[in-house]
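Q: From the sequence below, what's the structure:
(one chain, ligands or ions: 1)
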Amino acid sequence: MKTALSSFRKEAARLDRADPLKNFRRRFFIPSGTTYLDGNSLGLLSRDSQASLEKVLKSWKILGIRGWLDADPPWFYLAERLGARCAALVGAEPDEVILSGTTTVNIHALVNTFYQPSGTRTKIVADELDFPTDIYALKSALKLRGLDPAEHLILVCSRDGLTLDERDIVSRFDDSVALVFLPSVLYRSGQLLDMEFLTLEAQARGIPIGFDCSHSAGAVPHELDRWAVDFAVWCSYKYLNGGPGATAFFYVNRRHFGAEPALAGWFGSAKDKQFDMSLHFEPAPDAGRWQISSPSILNAAPLIGSLAIFEEAGMAAVREKSLGMTRFLMDMVDRFLSAEPYGFSIGTPREDKRRGGHVALIHPEGMRISEALRNRNVIPDFRPPDIIRIAPVALYNTYMELWRLARHLQEIIDGREYERFDRARKLIS
Ligand SMILES: *Cc1c(COP(=O)(O)O)cnc(C)c1O
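A: Now for the predicted structure:
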């Protein structure tokens, strides 16, 4: 068994040598002595982001208030400019994407805009595997309208507790539904939903549809415009490497540019009118109208550098390497880590088009195994009850790191090393 895994070491080395993105790793600060495989929770800092953050700090230091117009880039237009650059990553036009706020707040702003219950069309369709914050936001949107979530929120069920069948989702699209809001990639299993199909089916029934792309932005190419998605949100601190709590992004399809934002704020004003300070809200003519507050410039600054890396690397190359890495990892697990005594299984779909950027390794001792990995300076994350998530990030991880991960997993099981860790849950894992 040991020798068998050794044979994959050569293959890992070969793949790393042939990797067209291999030079990007040097641009990132890899925590010393660490195999970092948690870029789907918090991406790493790049030298580019450090430089762009320092540049913004310097402009504040030197310019004070004048930075809003005189900094490079001017803070007053930063939300629009970064939105335009991020639009290229998600298949949108520059004026359809805006940097703003945080994901949950953006969900509130857009869901409350697009959820327009009327008559018997009152329900929202989501799913039972959703990230909790999305469900909290949907429930509060219903309660704000005096509607009971128990009756009006439809959570599509999973057949296996890990994945969703798009046909099961579509079977709930009927004339009682006023909005569909779904994830692009499920945060536990890593399943990538067929957004094009879901959008087509929702709109054929006159139902607006939005997606939370937090687990796909920066890992998977999107074609939000071609699919004609109504709106989308995503965070920028996972695969987009914007830093903890970095300012988020949202997308609104241009056919809705005339809609009234549900949560209006002065930064949604037309740029040339905002400082008239009129009590009459004159919204921006594009997606900018869904902004609420002053953009968090310091929390956005690292994205100036980070997006430059994506522009250089190209989303297609990022996706190709990401798929190659997750496939390589799944192959090793199938061959060397699934039989007894190892007992790992994979919760992520095998088909490339149904897989996001991470692999869900399932093991009944998952929690203690992930503690044992951390003890060996390998950083995965753990999602209860039994999922170890491994995110090999195209821009900074290597095939050799995945090979080493597989060897660590073998050794941890061979030596029953995980038994040394207790079963108590950590606050953040
Ligand atoms: C990470 C993530 C969020 C994060 O929300 P915040 O408001 O930034 O804390 C929301 N939804 C999904 C699906 C996520 O993966």
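
Q: This structure - how does it break down into domains?
A: 2-45+314-417, 50-312 (automatic domain parsing).

Q: Determine which of the ones you listed approaches residue 427 most closely.
A: Each of the domains of the chain was scored for nearness to residue 427 using C-beta to C-beta, and the closest is domain 2-45+314-417 (12.2 Å). Placement of C-beta: from N, CA and C, glycine included.

Q: Is any residue of the closest one near the ligand?
A: No: Domain 2-45+314-417 lies apart from the ligand when judged by C-beta under 6 Å from any ligand atom; the minimum separation is 7.7 Å.

Q: So what's the gap between the helix or strand hosting residue 382 and the chain middle?
A: Element membership for residue 382, per DSSP states H and E: strand 381-383. Between the mean C-alpha point of strand 381-383 and the mean C-alpha point of its chain there is a distance of 16 Å (C-alpha atoms, centre = their mean, to the nearest Å).

Q: circling back to that earlier point, export the domains of the chain to CSV and append columns for mean pLDDT.
A: Rendered in CSV, the data for these read as follows (pLDDT from 0 to 100):
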stretch, mean pLDDT
domain 2-45+314-417, 96
domain 50-312, 98
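
Q: Kindly reformat the ones you listed as JSON lines containing mean neighbour count and distance to residue 423.
A: Compiled in JSON lines, the domains of the chain are given as follows (neighbours: other C-beta atoms under 10 Å; distance: least, C-beta to C-beta, whole Å):
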{"stretch": "domain 2-45+314-417", "mean neighbour count": "18", "distance to residue 423": "7"}
{"stretch": "domain 50-312", "mean neighbour count": "19", "distance to residue 423": "20"}
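
Q: other SSEs contacting the strand holding residue 382?
A: Applying 3 or more C-beta pairs under 8 Å, 6 or more residues apart in numbering; DSSP states H and E, one finds that strand 381-383 contacts helix 366-375, strand 387-390.

Q: so residue 365 makes contact with residue 416?
A: No: between residue 365 and residue 416 there is no contact under C-beta atoms under 8 Å: 9.5 Å.

Q: For the residue lying closest to residue 56 once chain neighbours are set aside, give me its contacts.
A: Setting aside the residues directly before and after it, residue 56 is nearest to residue 301 in space (C-beta to C-beta, 6 or more residues apart in numbering), at 3.8 Å. For residue 301, the set of contacting residues under the criterion of C-beta atoms under 8 Å, 6 or more residues apart in numbering consists of 49, 52-53, 55-57.

Q: CSV please, covering those residues and showing distance to the ligand.
A: Written out in CSV, the entries for the contacts of residue 301 read as follows (distance: C-beta to the nearest ligand atom, whole Å):
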residue, distance to the ligand
49, 18
52, 20
53, 19
55, 25
56, 21
57, 23
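
Q: Pick out whichever of those residues sits closest to residue 343.
A: Each of these was checked against residue 343 using C-beta to C-beta; the closest is residue 49, at 39.6 Å.

Q: Looks to me like that closest one is in a strand.
A: No: membership of residue 49 in a strand is not supported by DSSP: H, G, I helix; E, B strand; the rest coil, which gives helix.

Q: Leaving out the residues flanking it, which one is nearest to it?
A: Beyond its immediate neighbours in the sequence, the residue positioned closest to residue 49 (C-beta to C-beta, 6+ apart) is residue 302, lying 3.6 Å away.

Q: wait, that neighbour sits on residue 54?
A: No: between residue 302 and residue 54 there is no contact, the gap being 9.9 Å when judged by C-beta under 8 Å.

Q: ranges for the helices of this structure?
A: In the chain, the segments counted as helices under DSSP state H are 2-18, 47-63, 67-70, 78-90, 103-114, 132-144, 149-152, 166-170, 195-204, 224-227, 297-313, 315-332, 366-375, 399-414.

Q: what packs against the longest one?
A: What it means is helix 315-332. helix 2-18, strand 359-362, helix 399-414.

Q: Tabulate those in CSV, adding columns for distance to residue 339.
A: Supplementary listing: the helices and strands packed on helix 315-332 in CSV, determined by distance: least, C-beta to C-beta, whole Å:
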stretch, distance to residue 339
helix 2-18, 11
strand 359-362, 15
helix 399-414, 11
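
Q: who does the strand holding residue 382 pair up with?
A: In the sheet containing strand 381-383, its partner strands are strand 387-390 (antiparallel), by DSSP bridges.

Q: List the contacts of the partner strand.
A: Outside of strand 387-390, the residues that reach it under the criterion C-beta under 8 Å, 6+ apart are 37-38, 40-41, 188-190, 329, 347, 358-363, 366, 369-370, 373, 380-383, 402, 405.

Q: Give me every residue in the stretch 201-350 of the chain lying close to the ligand.
A: Counting by C-beta under 6 Å from any ligand atom, the positions of the stretch 201-350 of the chain adjacent to the ligand are 212, 214-215, 235.

Q: go again using 8 Å as the cut-off
A: Residues of the stretch 201-350 of the chain found near the ligand (C-beta under 8 Å from any ligand atom) are 212, 214-215, 233, 235, 237-238, 245, 248.
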